[in-house]
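1. Would you be able to build a 3D model of this:
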Amino acid sequence: MQQVFDTWVTRTLGIRHPVLIGGMMWLGRAELVAGVVNAGATGFISALTFSDPVALRDEIQKCRDLTENGRFGVNLYISTRPDANERLLPLLDVVCDEGIPFVETSGAKPTALLPKLREAQVIIIHKVPAVRYALSAEKAGVDAVIVVGAECGGHPGHLMIGTMIQGGLAPRKLSIPVILGGGIGTGSQLAAALAMGCEGVLMGTRMMVAEEAVPHDDFKQRVISSDGTDSVVVETSMKNHHRVLHNDAAAEVMELEARGVDDFEQYRPIINGEEAWNAFATGDVSRGLIDFGQSACFADAIEPAATIIENMVNDAKHAAELLANRLL
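-> Residues are numbered from 1 along each chain as shown. Just a heads-up that it's a prediction; the model follows:
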C-alpha cells in the first residue's frame with residue numbers, strides 16, 4: 001500500500017501508516033508485531049512477557065526474521081514498586097544492545113531509564129493516562145507521548161478522562177508529538193485524531209482478533225461478540241484502576257472491594273497475571289483479569305493483521321474525503 005500519511009510518527013519511526021499497536025502483556029510477541037510492521041504500521045514486543053533477557057533477545061531476532069524492515073519497538077513497563085523493576089533492567093540492556101529504534105515506556109515515570117536509552121539513541125515514547133502526566137514526561141525529556149483515554153483496556157488512570165477530551169487537549173498543551181489511544185479501532189477515529197492535532201493512534205484490544213495474535217480462537221470469538229459494554233474497571237480501591245473483561249474473576253475482585261477488603265493476599269490469586277495468560281491460551285475467559293478495552297466492539301472477524309490495518313487506512317481516507325465534502 002502506498003504512503004498516505006505524513007506525520008511525525010511516519011517520518012520519525014520510518015513507517016507508512018501512523019498506527020501503533022501497544023505492547024500488550026502476553027500478546028506483544030513477534031508474530032503479531034511482524035504482521036503489523038509488514039502492513040506498514042508498527043508495534044511493540046512486550047519485554048516483561050519474556051522470562052529472561054535471552055528469551056527477549058530471541059523474540060527480537062524472530063521478529064526481525066519475520067519483518068521486511070525491522071521497524072518495530074519494545075514495551076518497557078515500569079512498576080511503581082522499585083523492587084519490581086529489578087527484572088526490567090536486564091531487559092533494558094537487551095533493548096539497547098540490540099539496536100531497537102524506539103520504545104514504548106509505560107507505568108511509572110521513565111526517568112531512570114532515559115540515560116541508557118539516550119546513550120543508545122533510542123526514540124522514547126511514553127504512555128500516560130492524562131495530559132498532566134504527559135507534561136511531566138515532556139519535562140523529563142521523552143521524545144513523544146501516547147495519551148490514552150478511559151476507554152482503553154488495561155490502566156486508564158484514576159482520573160478516567162475520555163479519549164475525545166485527551167485528543168483535543170493534549171496537542172494544545174504539549175510541544176512534543178502526541179499519539180492518541182483508548183477505544184481506537186476504526187480509520188475514522190484515526191482521521192479524527194489527526195484532525196485534532198495528534199500524530200497517530202495506538203490500538204490494543206482491537207488487535208486481539210488478528211490471526212497472528214496468540215489468544216485461542218474461542219477467546220477471539222468472545223472479543224468479536226462484544227458490543228463494547230462488557231468491560232469493568234476494578235482495583236479502584238488500590239488506586240490502580242484497571243479496565244478488564246467483566247468475567248467471574250472481575251466479579252470476585254469487585255465483591256472484595258465492595259466489602260472493603262484491603263488485604264492484598266486475598267486478591268493475589270485472582271489478579272495473578274498467569275491467570276490472564278491461561279485465558280488467552282485456553283479460551284476460558286471466565287478466569288483472570290483480562291485487559292479489555294471498549295474498542296472490542298469494532299472487532300468483527302478473525303483476520304490477518306494486514307487486513308485490519310488496510311481496512312483502517314481505507315476507512316481513514318474515506319472519512320477525510322467525507323469531511324472535505326462537508327466543508328464550505
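
2. End to end on stretch 138-145, go ahead and measure it.
-> One end of stretch 138-145 to the other measures 8 Å (Cα to Cα, to the nearest Å).

3. Can you tell me what sits against it?
-> Contact with stretch 138-145 is made by 8, 12, 105, 109-111, 114, 118, 123-128, 134, 137, 170, 174-179, 199, as judged by Cβ atoms under 8 Å, 6 or more residues apart in numbering. The way it works is simple: take the backbone N, C-alpha and C, and place the C-beta from them, glycine included.

4. Name only those of those residues that count as buried.
-> Among the contacts of stretch 138-145, those buried by neighbour count (16 or more other Cβ atoms under 10 Å) are 8, 12, 105, 109-110, 114, 124-128, 134, 137, 170, 174, 176-179, 199.

5. can you give me the helices for the stretch 51-200 of the chain?
-> 53-66, 88-97, 114-119, 131-140, 163-173, 187-195 (DSSP state H, counting those that start in this stretch).

6. Let's test this: mean pLDDT of the fifth one, rounded?
-> When the per-residue pLDDT values of helix 163-173 are averaged, the result is 98.

7. and that helix, which residues are buried?
-> 163-164, 166-171.

8. Is it possible to get JSON lines of these that adds distance to Pro215?
-> As requested, the buried residues of helix 163-173 are exported to JSON lines (distance: Cβ to Cβ, whole Å):
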{"residue": "Thr163", "distance to Pro215": "24"}
{"residue": "Met164", "distance to Pro215": "29"}
{"residue": "Gln166", "distance to Pro215": "28"}
{"residue": "Gly167", "distance to Pro215": "28"}
{"residue": "Gly168", "distance to Pro215": "33"}
{"residue": "Leu169", "distance to Pro215": "34"}
{"residue": "Ala170", "distance to Pro215": "31"}
{"residue": "Pro171", "distance to Pro215": "34"}
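
9. Could you point out which of the residues you listed is nearest to Gly22?
-> Thr163 (13.8 Å; Cβ to Cβ).

10. re the thing from before, Pro304: which of the helices of the stretch 51-200 of the chain is closest?
-> Pro304 sits nearest to helix 53-66 of all the helices of the stretch 51-200 of the chain, at 13.1 Å, using Cβ to Cβ.

11. Buried residues in the closest one, which are they?
-> Buried residues in helix 53-66 (16+ other Cβ under 10 Å): 53, 56-57, 59-60, 62-63, 66.

12. likewise stretch 44-51?
-> Buried, per 16+ other Cβ under 10 Å, within stretch 44-51: 44-50.

13. Could you report the pLDDT at Ile100?
-> pLDDT, Ile100: 98.

14. Can you tell me how far it is from Val74?
-> Distance of Ile100 to Val74, computed by Cβ to Cβ, to the nearest Å: 5 Å.

15. cool, and Pro156?
-> Pro156 is 23 Å from Val74, by Cβ to Cβ.

16. Between these two, which is the more surrounded one?
-> Counted by other Cβ atoms under 10 Å, Pro156 and Val74 do not tie: Val74 has more neighbours, with 28 against 25.

17. Relative to Phe102, how far out is that one?
-> 8 Å.

18. Between the helices of the stretch 51-200 of the chain, which one is closest to Gln3.
-> Of the helices of the stretch 51-200 of the chain, the one closest to Gln3 (Cβ to Cβ) turns out to be helix 187-195, at 14.5 Å.

19. Just the buried residues of that closest one, please?
-> For helix 187-195, by 16+ other Cβ under 10 Å, it's 187-194.

20. Pull the residues that contact the helix or strand following it.
-> Going down the chain from helix 187-195, the next helix or strand is strand 200-203, by DSSP states H and E. The contact list for strand 200-203 (Cβ under 8 Å, 6+ apart) reads 7-10, 18-22, 127, 146, 148, 179-181, 184-185, 189-190, 193-194, 295.

21. Could you tell me which of the residues you listed belong to strands?
-> 19-21, 127, 146, 148, 179-181 (DSSP state E).
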